[in-house]
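Undergrad: Next comes the sequence, and after it the predicted model I'd like to discuss.
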Amino acid sequence: MKQTSRSASALSRLSLTQQHLIPSRCSSTLVPDIIPFNQGTKYTPDYSNYATTPHGKIVSYFHDIALDLNEQTKEANIVVEIPRWTNAKFEIDTKLPGNPIVQDTKKGKVRFVKNLFPHHGYIHNYGAFPQTWEDPTTEHHGLLGDNDPVDVCEIGSKILSTGDIKRVKILGALALIDDGELDWKVIVVNVQDPLAGKVNDINDLNDKCPDY
């Protein structure tokens, strides 16, 4: 299967970023059996979504979920932070113990994204690759990393849930600049989605789903 330069670049970037973090303590052969545990009131600063095992142990969405990157199949695991068509800006907190998913705040208030007509909220499932990190001390293309896990935009048809761990196929990546920092967005599709069997890169996506 021939990779385009864009999808190959995304794979190379993930291989590099995961090297900064500790090895996984979860199985790297299967998507781990994680049960999200909610604490606090949703849409308030005290809300936290923790990853727990079936035995009730808290594990880190950031460190303990296996990325399990397969460069031959272009597959990896993701952590879902924000379901499609919702507005609340949830993200893995890399500083809190246990690294739960929390709602981002600005000036003490929780953040929501605006609607972009005719859509509502995020137009895709949004999340991050576990065990990856954009180094804020290393320059790429003259820009420093944003000190967060690498972001993903999952474009399958199913609305996923905060805390879901999904196996995805990597199609390509967009490099954005956010407040002077390099902020990658990797385009992926759930391997269980019917679209996954029809597309292998961004060019395929343009052919199968024009303007998507």
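TA: Perfect, thanks for sending it.
Undergrad: neighbours around the spatially closest residue to residue 48 that is not a sequence neighbour, how many?
TA: Computed as C-beta to C-beta, 6 or more residues apart in numbering, the closest residue to residue 48 that is not its neighbour in sequence is residue 100, at 4.0 Å. Yep, even glycine has a C-beta here, placed from its N, CA and C like the rest. Taking other C-beta atoms under 10 Å as the criterion, the count of residues near residue 100 is 24.
Undergrad: doesn't residue 40 make contact with residue 100?
TA: No. Using C-beta atoms under 8 Å, residue 100 is not in contact with residue 40, being 9.7 Å away.
Undergrad: Which neighbours do those two have in common?
TA: Shared contacts of residue 100 and residue 40, defined by C-beta atoms under 8 Å, 6 or more residues apart in numbering, are found at residue 48.
Undergrad: Can you check the pLDDT for the closest residue to residue 198 other than its chain neighbours?
TA: Leaving aside its sequence neighbours, residue 198 sits nearest to residue 208 (C-beta to C-beta, 6+ apart; 5.3 Å). Residue 208 is assigned a pLDDT of 93 by the prediction.
Undergrad: in the sheet, who's paired with the residue nearest to the spatial centre of the chain?
TA: The structure's the chain has its C-alpha centroid closest to residue 128; by C-alpha atoms, centre = their mean the separation is 1.8 Å. Here residue 128 shows beta-bridge partners residue 79, residue 151, assigned using DSSP bridges.
Undergrad: ok, it - contacts?
TA: Residue 128 sits next to 61, 78-79, 81, 91-92, 148-152 when contact means C-beta under 8 Å, 6+ apart.
Undergrad: got it, and residue 212?
TA: 155, 205-206.
Undergrad: Serialize those to a markdown table and add fields for distance to residue 67 and neighbour count.
TA: Rendered in a markdown table, the data for the contacts of residue 212 read as follows (distance: C-beta to C-beta, whole Å; neighbours: other C-beta atoms under 10 Å):
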| residue | distance to residue 67 | neighbour count |
| --- | --- | --- |
| 155 | 20 | 22 |
| 205 | 23 | 19 |
| 206 | 27 | 12 |
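Undergrad: just the helices in the chain please.
TA: Under the criterion DSSP state H, the chain carries helices at the ranges 5-17, 202-208.
Undergrad: Flag whichever of these has the least confidence on average.
TA: Among those, helix 5-17 carries the lowest mean pLDDT, at a mean of 61.
Undergrad: about what we covered before: gap between the residue nearest to the centre of the chain and residue 69?
TA: Remark: distance between residue 128 and residue 69 (C-beta to C-beta, to the nearest Å) = 14 Å.
Undergrad: Unless I'm misreading it, residue 67 sits right up against residue 76, doesn't it?
TA: Yes. With contacts counted by C-beta under 8 Å, residue 67 reaches residue 76, the gap being 5.5 Å.
Undergrad: In this protein, where is pLDDT below threshold?
TA: Where the chain drops to pLDDT under 70, the residues are 1-30.
Undergrad: try 90 this time
TA: Under the criterion of pLDDT under 90, the regions of the chain flagged as low confidence span 1-33, 138-142, 145, 175, 178-179, 182, 211-212.
Undergrad: pull the longest strand from it.
TA: Residue-count comparison of every strand in the chain, with assignments taken from DSSP state E, identifies strand 165-178 as the longest.
Undergrad: And it, what does it pack against?
TA: helix 5-17, strand 75-82, strand 151-154, strand 181-190, helix 202-208 (3 or more C-beta pairs under 8 Å, 6 or more residues apart in numbering; DSSP states H and E).
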